[in-house]
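> Got a predicted model here, sequence first, then my questions.
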Amino acid sequence: MTNSPSIENEEAEIATAILSLCKQRTPAKTACPSEVARALYPDDWRDHMNAIRNVATRLVSDGIIETTQHGVAMDPATSRGPIRLRLAHSDLTTRQPTENEHEHA
C-alpha cells in the first residue's frame, strides 16, 4: 500500500525542513524535532510530532541524519523520550561554515 499524494507531499516537506534545519547547525549542534513542527505547523505543531519523528526515522534509515539522546546516536525506532536531530557524520564534511561562524572561529 502506498501513501496518498498529500501524505507524500507532507513527508517531503517535513524531510526538507529537517534537512534545512540540520544544515543550519554547526556539526556539533543538534536540532529538536519540535523546531521543525513549530516552523511548519505553528498553530497545531504537537499534532504533527509523530509524522516528524516518522520522517526522521526514515532519514536515519537512509543514512542522511542521526537521532541522538544525551549526545549519543540512537535508533529512533527503539528510543523512547525526546530525541535530537543532526546530519549523519558522512554529511558533516559537506556543510560549509556560515560567515558568522568564520568570524567566531
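Done, it's in. The structure displayed is predicted, hence computed values, not measured ones.
> from here on, contacts and neighbour counts on C-alpha atoms
Noted.
> residues in contact with the residue lying closest to Met74 once chain neighbours are set aside?
In this structure, Met74 finds its nearest non-sequential neighbour in Thr68, 5.2 Å apart by C-alpha to C-alpha, 6 or more residues apart in numbering. Contact partners of Thr68, counting by C-alpha atoms under 8 Å, 6 or more residues apart in numbering, are 74, 83-86.
> Using just helix, strand and coil, how would you label Thr68?
strand (DSSP: H, G, I helix; E, B strand; the rest coil).
> just to revisit the earlier point, JSON lines please, covering the contacts of Thr68 and showing distance to Ile64 and secondary structure.
Formatted as JSON lines, these follow (distance: C-alpha to C-alpha, whole Å; DSSP: H, G, I helix; E, B strand; the rest coil):
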{"residue": "Met74", "distance to Ile64": "14", "secondary structure": "strand"}
{"residue": "Ile83", "distance to Ile64": "16", "secondary structure": "coil"}
{"residue": "Arg84", "distance to Ile64": "14", "secondary structure": "strand"}
{"residue": "Leu85", "distance to Ile64": "11", "secondary structure": "strand"}
{"residue": "Arg86", "distance to Ile64": "9", "secondary structure": "strand"}
